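Visitor: here are the coordinates; sequence isn't available:
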């Protein structure tokens, strides 16, 4: 958060024209804001997206209980990432991945019954 000293310096600089010191303070403020807002993409993100893609290819005769257990493990890894503040782009990717995992769980929980919307269509909708 900007200190009162920084605020006063910025107001003075704008009032009389930007000087080198004021520009430096403005750059420093912008960079600290960028660091506060920007977050690195969580390391687990690409692993979770890859897992969701693998599930999207179907479970090809695997034991549904094992597939469901794997899905639960992936959801457990995803949940803490959703609890943390994330930039919009990362949160979008997390939600998309969660939706893909949920779609696969729905398919596994409906054995012998085709999904109402083919999984590929759901995947495309989630990606757009």
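Guide: Sure thing, it's come through. Note that this is a predicted model, so its numbers are computed, not measured. Numbers count the residues shown, from 1 in each chain.
Visitor: got the buried residues for stretch 51-58?
Guide: Using 16 or more other Cβ atoms under 10 Å as the test for burial, stretch 51-58 gives 51, 52, 55, 56. Just so you know, the C-beta spots here come from the backbone N, C-alpha and C atoms, and that holds for glycine as well.
Visitor: residue ranges of the strands in this protein, please?
Guide: Counting by DSSP state E, the chain has no strands to list.
Visitor: Spit out the contact partners of the spatially closest residue to residue 74 that is not a sequence neighbour.
Guide: Excluding its sequence neighbours, the residue lying closest to residue 74 (Cβ to Cβ, 6 or more residues apart in numbering) is residue 51, at 5.2 Å. Contacts here follow Cβ atoms under 8 Å, 6 or more residues apart in numbering; on that basis residue 51 touches 70, 74, 101.
Visitor: closest to residue 63 among those residues?
Guide: Of all those, residue 63 sits closest to residue 70, with 10.3 Å by Cβ to Cβ.
Visitor: ok, the closest one - how many residues close by?
Guide: A total of 18 residues lie near residue 70 under the criterion other Cβ atoms under 10 Å.
Visitor: OK, contacts around it?
Guide: residue 51.
Visitor: run the last query once more with 10 Å
Guide: Counting by Cβ atoms under 10 Å, 6 or more residues apart in numbering, residue 70 touches 51, 54, 55, 59, 62, 101, 104, 108.
Visitor: What about those, which are in helices?
Guide: Judged by DSSP state H, helices contain the following of these: 51, 54, 55, 101, 104, 108.
Visitor: out of those residues, who's nearest residue 92?
Guide: Nearest member of the ones in helices among the contacts of residue 70 to residue 92, counting by Cβ to Cβ, is residue 101, at 15.1 Å.
Visitor: Give me the nearest residue to residue 90, chain neighbours excluded.
Guide: Nearest one to residue 90, counting by Cβ to Cβ, 6+ apart, is residue 41 at 5.7 Å.
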